[in-house]
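S.K.: Structure for this input, please:
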Amino acid sequence: MDAFDDDRSEVIQRAKNTGIDYILNVGCDIESSLRSMELTERYDFIYGTAGIHPHDVKKIDYQTYDQLKELLAHPKMIALGEIGLDFFKNYSPPDQQKEHLRKQVELSRELQKPIIIHCRDANEDTIAILSDYFPKNPSARSGIFHCFSGNQELADQALEMGFYISFSGSVTFKKSDELRTIAKTIPADRLFVETDCPFLAPIPNRGKRNEPSYVIHTAQLIADIRGLDIKDVQRTTSLNFFELFGIGKEAKTGTVSYQIRNSLYLNLTTRCTADCSFCSRLTRPVVQGYNLKLDREPTAEEVWNSIDDCKKYDEIVFCGYGEPTLRLDTIKKVSKKIKEAGGKVRLNTNGHGNVINKRNILPELKGLVDSISISLNADTAEGYDRVVRPLPGIRNGIYDRVKEFIEESKKYIPEIQATIVTHQEGVDEDKCEEI
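M.R.: Coordinates of the predicted model:
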């Protein structure tokens, strides 16, 4: 953009100094896409896109699509966009916007490139067009709804088609309460932050020319509203960038301990006595940018050695993408050492521990576990079987056994919390709270 002609190199250096690893410079017409391509040649960490913004589709001529194809043949031009519909300003006639959104989506499919979507005051039409090309598949990598400003329904529909949701500095604005509420709901593996510079500078720089280094303020806001540390957002969005575009680093498997906020989590196993409908344990065992797939289960000694300083963390949590009480002996051995070293221990469990171990395990955890979080996840046995999908061998009566486990925990563990995954079909969350 012309706004950076006088100090572009300095702006790029400030971005690097802030800790930005990669920049995706988005094209809006042929000229800006060409300039994006030029930047990708000058800087190894800058990538580009090519596309015609809905404001500019009225300028498309007989050469435009050939030019787009040529631009997108460049190995560092990694997406088609930004494209979409803007019925707020209508700088191009709506019929032309819809026509060329379809044509550019078709080109992206031909070239097998993800797309960058601009959608303003055009939710229904945008979804109607995209749904003709992108079937419902939340695990697909269709592209990004950039500078998201829509409602929860639009976000949910985009996610269903395999799109990522990206938030700009506008999410930090005082009147953006609805947008912040939506930002809390976006799955971590579908989240991006961006600048949309030179526009929409985030607070505390609102009113100034926006630039890439300011994205840290948007990332911090997203971290705050999701109850995370900014490093969690940085790690997650970096992995998302890799998974969508193949650029950056893949999350390593075999993670034994991993930090989120100021808690350290211990990954004992990926085995479980349930196959929850909402869980990606078997398909994508990633949490906040950490890949929890285990090539083998760590020994108690290896788990203990993965903890650098027990007093450094608010708590050390036995968790992961499996059921920790399948490895009860390891929990007891490591917890004993954590407590002796002055640490605080929490256990996250599905509440099947007594059934798994064929005895009441809670007396054995007294003095070793400070708090326990038990997944209830339903208000009826039928709902539990549908949502949690316990293994057939333990299904009979397991919901009542989980409630008994919660009640029994009160005798031995100082802090008890029963949890549910929200927005599960057929689950009455108010009744869960009463239970």
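S.K.: Go ahead and confirm Glu211 touches Asp196.
M.R.: No - under the criterion of CB atoms under 8 Å, Glu211 is not in contact with Asp196, lying 11.0 Å apart. Using the backbone N, CA and C atoms, a C-beta is placed for each residue, glycine as well.
S.K.: Next, give phi and psi for Glu38.
M.R.: phi -60, psi -40 (degrees, to the nearest 10).
S.K.: since we're on it, how many residues are nearby?
M.R.: When neighbours are defined as other CB atoms under 10 Å, Glu38 has 13 of them.
S.K.: Ok, the one 4 residues further on next?
M.R.: Neighbour count for Arg42, taken as other CB under 10 Å: 10.
S.K.: and if you look at His217?
M.R.: Neighbours of His217 (other CB under 10 Å): 20.
S.K.: for the one 5 residues further on, same thing?
M.R.: Using other CB under 10 Å, Ile222 has 25 other residues around it.
S.K.: Could you tell me how far it is located from Val215?
M.R.: 10 Å (CB to CB, to the nearest Å).
S.K.: hey, what's in contact with both of those two?
M.R.: Val193 (CB atoms under 8 Å, 6 or more residues apart in numbering).
S.K.: Do you know the pLDDT at Asp2?
M.R.: pLDDT for Asp2: 73.
S.K.: Can you give me the neighbour number for it?
M.R.: Neighbour tally, Asp2, other CB under 10 Å: 8.
S.K.: Could I get the full set of strands for the stretch 51-200 of the chain?
M.R.: Counting by DSSP state E, counting those that start in this stretch, residue ranges of the strands within the stretch 51-200 of the chain are 77-86, 115-120, 143-145, 163-167, 191-193.
S.K.: Pull the residues that contact the second one.
M.R.: Pointing back at strand 115-120 there. 26, 49, 51, 53-54, 79-89, 104-105, 108, 126, 130, 142-147, 149-150, 154, 158, 163.
S.K.: and it, which strands flank it?
M.R.: For strand 115-120, the pairing partners within the sheet under DSSP bridges are strand 77-86 (parallel), strand 143-145 (parallel).
S.K.: Make JSON lines from these and add mean neighbour count, mean pLDDT and distance to Glu382 to it.
M.R.: JSON lines is the format used below for the strands paired with strand 115-120 (neighbours: other CB atoms under 10 Å; pLDDT from 0 to 100; distance: least, CB to CB, whole Å):
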{"stretch": "strand 77-86", "mean neighbour count": "25", "mean pLDDT": "97", "distance to Glu382": "43"}
{"stretch": "strand 143-145", "mean neighbour count": "28", "mean pLDDT": "98", "distance to Glu382": "36"}
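S.K.: what about the closest residue to Asn357 other than its chain neighbours, which SS state?
M.R.: In space, and not counting its chain neighbours, Asn357 is closest to Leu328: 5.7 Å by CB to CB, 6 or more residues apart in numbering. Following DSSP: H, G, I helix; E, B strand; the rest coil, Leu328 is assigned to helix.
S.K.: Kindly state the pLDDT recorded for Leu328?
M.R.: 97.
S.K.: My understanding was that it contacts Thr349; is that so?
M.R.: No - when contacts are counted by CB under 8 Å, Leu328 is not listed as touching Thr349 (10.4 Å).
S.K.: okay, those two: which has more neighbours?
M.R.: It is Thr349, of Leu328 and Thr349, that has more neighbours when counted by other CB under 10 Å, with 23 against 17.
S.K.: partners of the more buried one in the sheet?
M.R.: Bridge pairing for Thr349 - DSSP bridges - gives Ile374.
S.K.: and it, what does it touch?
M.R.: Here Thr349 is in contact with 323-325, 372-375 (CB under 8 Å, 6+ apart).
S.K.: Then Asp125?
M.R.: 85, 87, 94, 98.
S.K.: same question, Leu347
M.R.: So Leu347 contacts 317-318, 324-325, 331, 365, 369, 371-373 (CB under 8 Å, 6+ apart).
S.K.: just those residues now: which is nearest Asp61?
M.R.: Ranked by distance to Asp61 (CB to CB), those are led by Val317 at 59.3 Å.
S.K.: My guess is the closest one contacts Arg346. True?
M.R.: Yes - contact criterion CB under 8 Å: Val317 and Arg346 qualify, at 4.6 Å.
S.K.: Common neighbours of these two, please.
M.R.: Common neighbours of Val317 and Arg346 (CB under 8 Å, 6+ apart) are Ser263.
S.K.: Need the per-residue pLDDT for the residue nearest to the spatial centre of the chain.
M.R.: Per CA atoms, centre = their mean, the C-alpha nearest to the average position across the chain is that of Ala188, at 1.5 Å. In this model, Ala188 is scored at 96, pLDDT.
S.K.: With Ile23 as the reference, measure out to it.
M.R.: 22 Å.
S.K.: Same check on Thr195?
M.R.: For Thr195, the distance to Ile23 - CB to CB - is 9 Å.
S.K.: And for Gln417?
M.R.: 41 Å.
S.K.: Looking at those two, which one has more neighbours?
M.R.: Higher neighbour count among Gln417 and Ile23: Ile23, with 18 against 14, using other CB under 10 Å.
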